[in-house]
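Asks: next one to model:
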Amino acid sequence: MDRRNFLLSTAATGAGISALGGMTQAAKAASPNKEAEAKLRISCFWGFVPAEDDDQRVKKMLDWGFEGVELGGDGGGAKGDLKKRLDDAGLEISCLCWGSANGSIVSEDESRRQDGIDSLKRALENAGELGCGAVVFVPAFNGQTKLGNREIRELMCQTYPALAKFAADHNTKITLEPLRRGEAWFLRQVADGAALARDCDPEKTGGIATMGDFYHMWLEETDDMGAFISGGTLLNHVHLGNGRRRQLPGQDDSPYYIGFRGLKYIGYNRFCSFECGIDGDPNVEIPKSIAFLRDEWDKAEI
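Replies: Numbering: from 1, shown residues only. Reported below is the predicted structural model:
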């Protein structure tokens, strides 16, 4: 049994729960408890909810309890009819899942970097116009740059202070996404993202942050609660997908209440967004998953 599975199995016993309770009591004594500020706000990609047309999709989303919509790309196509439709429905744009620009900003080829910077700036400008507080960014997926970890970090610390200010000036945040090592070796844990965000924003503009993804965290973190606490005030977005097969939460035995304890502890009230597949009929399984998540949230006492 690996260490993570061992910890989860012991947490399910009375002794494990007692130990975890002791840990959280010690944490409470060390820092204010922000649980009252925390809220579970659920979003998903536009198109994740099946529908015959956009009106039906919006109705289902509202009926099922969604509060936001996540968009792919730079958001340029959402500034017209889609934005108005979402505003009229009271659905926020939770984030732009922008990507890596093929790793160009941290490319070993200096001639490629400015194109990536310009592309990211367009996404940040669009996010500001859309009222979206997060542009999710991966510095480079595996194979997109020949630079090593130290070189990438040094380059980002040189380049990103200006980008962080640009983001803050447009009322949004570059949101670094840690991924499992099979996808992106450079940035793999929430604490790494938070540390990098701090170092890339020496003027503390607030224009750069990090996020957590339950699927990637299952593979890279020892403890979901600790991972989210390590993000602290720099945690700006969360992706939902179960740990083993990246399916809907609740479609296997992956727990969420442990991570939700961390979100409650830091007073997290931004979005948690589905980024996963679905086993079965989405019209049945998505509402079941949302009910499961709300139950896990209620169980996450600190």
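Asks: quick one: contacts of stretch 165-173?
Replies: 121, 124-125, 127-128, 131-135, 174, 203, 205-209, 236 (C-beta atoms under 8 Å, 6 or more residues apart in numbering). Placement of C-beta: from N, CA and C, glycine included.
Asks: so which of those are in strands?
Replies: Val135, Ile174, Ile208, Ala209, Asn236 (DSSP state E).
Asks: and Lys28, what pLDDT?
Replies: What the model reports as pLDDT for Lys28 is 50.
Asks: which stretches of this structure form helices?
Replies: Secondary structure of the chain (DSSP state H): helices located at 3-11, 14-30, 54-64, 81-89, 110-130, 149-169, 190-199, 214-220, 224-231, 257-265, 282-299.
Asks: and the nearest residue to Tyr215 once chain neighbours are set aside, how many neighbours?
Replies: Excluding the flanking residues, the one nearest Tyr215 by C-beta to C-beta, 6 or more residues apart in numbering is Gly241, at 4.1 Å. When neighbours are defined as other C-beta atoms under 10 Å, Gly241 has 22 of them.
Asks: Gly241 and Ser289, how far apart?
Replies: 10 Å (C-beta to C-beta, to the nearest Å).
Asks: give me the common contacts of the two.
Replies: Leu248, Pro249, Phe274.
Asks: which one among those residues gets closest to Arg57?
Replies: Phe274 (14.0 Å; C-beta to C-beta).
Asks: who's the nearest residue to that closest one once chain neighbours are set aside bridged to?
Replies: The spatially closest residue to Phe274, leaving aside those adjacent along the chain, is Cys44, at 4.2 Å (C-beta to C-beta, 6+ apart). Residues in a beta bridge with Cys44, per DSSP bridges, are Val69, Phe274.
Asks: in contact with Cys44, which residues?
Replies: Met61, Phe66, Val69, Glu70, Ser273, Phe274.
Asks: okay but the first one is in contact with Val49, surely?
Replies: Yes - counting by C-beta atoms under 8 Å, a contact exists between Met61 and Val49, whose distance comes to 5.5 Å.
Asks: neighbour-wise, which of those two wins?
Replies: Neighbours per residue, other C-beta under 10 Å: of Met61 and Val49, the larger number sits with Met61, 24 against 20.
Asks: can you tell me how far the more buried one sits from Leu293?
Replies: Applying C-beta to C-beta to Met61 and Leu293 gives a distance of 15 Å.
Asks: now the ones in strands among the contacts of stretch 165-173 in CSV, with pLDDT and neighbour count?
Replies: Output for these, formatted as CSV (pLDDT from 0 to 100; neighbours: other C-beta atoms under 10 Å):
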residue, pLDDT, neighbour count
Val135, 98, 29
Ile174, 98, 27
Ile208, 98, 28
Ala209, 98, 28
Asn236, 98, 27
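Asks: list just the nearest of the contacts of Cys44 to Gly193.
Replies: Ser273 (16.5 Å).
Asks: how far away is that closest one from Tyr256?
Replies: With C-beta to C-beta as the criterion, Ser273 and Tyr256 are 14 Å apart.
Asks: comparing these two, which shows the higher neighbour count?
Replies: Ser273 (28 against 24).
Asks: skip the chain neighbours and tell me the closest residue to that one.
Replies: Ser43 (4.2 Å).
Asks: can I assume Asn205 is in contact with Tyr160?
Replies: To be clear, residue 205 is Thr; Asn isn't right here. No - using C-beta under 8 Å, Thr205 is not in contact with Tyr160; the gap is 10.6 Å.
Asks: ok, the residue nearest to Tyr215 - contacts?
Replies: Asp213, Phe214, Tyr215, Gln247, Leu248, Pro249, Phe274, Glu275, Cys276, Gly277.
Asks: closest to the centroid, which residue in the protein?
Replies: By C-alpha atoms, centre = their mean, the chain has its centre lying nearest to Val238, at 2.8 Å.
Asks: run through who's touching stretch 84-96.
Replies: Under C-beta under 8 Å, 6+ apart, the answer for stretch 84-96 is 41, 43, 54, 58, 61-62, 66-75, 78, 83, 123, 126-127, 130-136, 175, 237, 270-271, 273.
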